[in-house]
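Enquirer: A structural model of the following input is requested.
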Amino acid sequence: MKNILVTGGTGYIGSHTVLELLENDYNVIIVDNFSNSHPKVLDALETIANKKIKLFRTDIRNKEKLEQIFKEEAIDAVIHFAGYKAVGESVFQPLKYYNNNLTGTITLLEVMEKYSVRKLVFSSSATVYGTPEKMPLIEGEPTGATNPYTRTKLMIENILEDLSVAKDTWRLLSLRYFNPLGAHNSGDIGENPNGIPNNLAPYITQVAIGKLDKLHVFGNDYPTEDGTCIRDYVHVEDLAKGHVDALQYLETSKKGFDIFNLGSGKGYSVFEIISSFEEVIEEKIPYEITGRRAGDLPVTYADTTKAQNDLNWKAQKNIQEMCRDSWNWQKKHPNGFED
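Expert: Numbering: from 1, shown residues only. From the prediction side, this is the model:
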């Protein structure tokens, strides 16, 4: 496999994966409509990689345009990131999420089938484990969904599994991410959320840079050592490497459909993350304790044994490196790609 189509390739995880693919001598074709990213990401990617990158600006629900791309490009495999991803928004706009995430994926798979491209790596989420009864989270454990966003991820996994059963020529892989953190070591691409961030790290760095007044900590009365929620954080560059390992796995895999956790296998509390950022930034982060958010679990972290054994993948970067790289990106680009 040499020619890899990356849907959503200018997004946070997608852009880092594009660089990792290029570093491993893959040819990359990006499809993105910039609904949750910025056109300047392409310029940054080309500068970092010192290569021109082919990008088609379109929505993957546009079947006619997608077919044109598959006709023009000798695509060997697809990495599928494109999809809406805000949990809160999905609760209030479920049709938007079902239309985009499900229709987009089905259209992509139909075009892949038509052009005999049957290898795909899907960007899933650890949220599909629902409300688990024990930790760590292991592939094969029961799944569940508490919001439309998560339901779309779970439904797409079901679609992929059904497709692999229907036709044994498909090789499909779902990567369940835990909490990505960090940025490229150049500091020129990173997490660039629209509006107020949903994730902890960009919220902290935007407070530190002066864009936001203070951080809101949702609850400090959980049954954990310091009372705040514990989550598994993984460096975005480690996640990107996981996609290259996944592609290499698909080359020889006999399984039609498979699932892997990508996380660090460790848990960090909200206060531990704040403390790590304070060490990197060398100043205090102002915060306010507010009420718990509905649905937040006290502790979630991954068992990554399967990824280590089958993909030969393991997260390498520690929490200090994650915080350092996130802050480096924020310092270099205080306003993201609007600079």
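Enquirer: same for the least confident helix or strand in the chain by mean pLDDT, what does it pack against?
Expert: Lowest by mean pLDDT, DSSP states H and E among the helices and strands of the chain is helix 87-92, with a mean of 92. Judged by 3 or more C-beta pairs under 8 Å, 6 or more residues apart in numbering; DSSP states H and E, the packing partners of helix 87-92 are helix 94-97, helix 148-166. All C-beta spots, glycine's among them, are computed from the backbone N, C-alpha and C.
Enquirer: Mind doing that once more with 6 Å?
Expert: helix 148-166 (3 or more C-beta pairs under 6 Å, 6 or more residues apart in numbering; DSSP states H and E).
Enquirer: Tell me which residues of the helix it packs on come out buried.
Expert: 148-157, 159-161, 163-164 (16 or more other C-beta atoms under 10 Å).
Enquirer: Equivalent analysis for stretch 34-47, please.
Expert: Neighbour count says stretch 34-47 has Asn36, Ser37, His38, Lys40, Val41, Leu42, Ala44, Leu45 buried, by 16+ other C-beta under 10 Å.
Enquirer: pretty sure the third one contacts Phe337?
Expert: Yes - judged on C-beta atoms under 6 Å, His38 makes contact with Phe337 at a distance of 3.8 Å.
Enquirer: Can you pull the residues that touch both of the two?
Expert: Taking C-beta atoms under 6 Å, 6 or more residues apart in numbering as the contact rule, His38 and Phe337 have no neighbour in common.
Enquirer: Looking at the buried residues of helix 148-166, which one is closest to Trp327?
Expert: Tyr149 (27.8 Å; C-beta to C-beta).
Enquirer: quick one: contacts for the nearest residue to that closest one once chain neighbours are set aside?
Expert: Leaving aside its chain neighbours, Tyr149 sits nearest to Ser90 (3.7 Å; criterion: C-beta to C-beta, 6 or more residues apart in numbering). Under the criterion of C-beta under 6 Å, 6+ apart, the neighbours of Ser90 are Tyr97, Asn147, Pro148, Tyr149.
Enquirer: Angles on the backbone of the residue nearest to Gly130 when sequence neighbours are not counted, please.
Expert: In space, and not counting its chain neighbours, Gly130 is closest to Gly144: 2.3 Å by C-beta to C-beta, 6+ apart. Gly144 adopts backbone torsions of phi -170, psi 170, taken as degrees, to the nearest 10.
Enquirer: tell me the pLDDT at Gly144?
Expert: Looking at Gly144, its pLDDT stands at 96.
Enquirer: Thought Val128 was touching it, still the case?
Expert: No - counting by C-beta under 6 Å, Gly144 sits too far from Val128 to count as a contact (7.6 Å).
Enquirer: Would you mind telling me which of the two has more residues around it?
Expert: Val128 (22 against 13; other C-beta atoms under 10 Å).
Enquirer: who does the residue nearest to Gly130 bridge with?
Expert: Counting by DSSP bridges, Gly144 is bridged to Tyr129.
Enquirer: Please, which helix or strand holds the residue nearest the centre of the chain?
Expert: Among the residues of the chain, Ile13 comes closest to the average C-alpha position under C-alpha atoms, centre = their mean, at 4.8 Å. Using DSSP states H and E, Ile13 sits within helix 12-23.
Enquirer: ok, back up a step: compute the distance between the residue nearest to the centre of the chain and Lys65, please.
Expert: 23 Å (C-beta to C-beta, to the nearest Å).
Enquirer: can you check His216 too?
Expert: Per C-beta to C-beta, His216 is found 41 Å from Lys65.
Enquirer: Thank you, goodbye.
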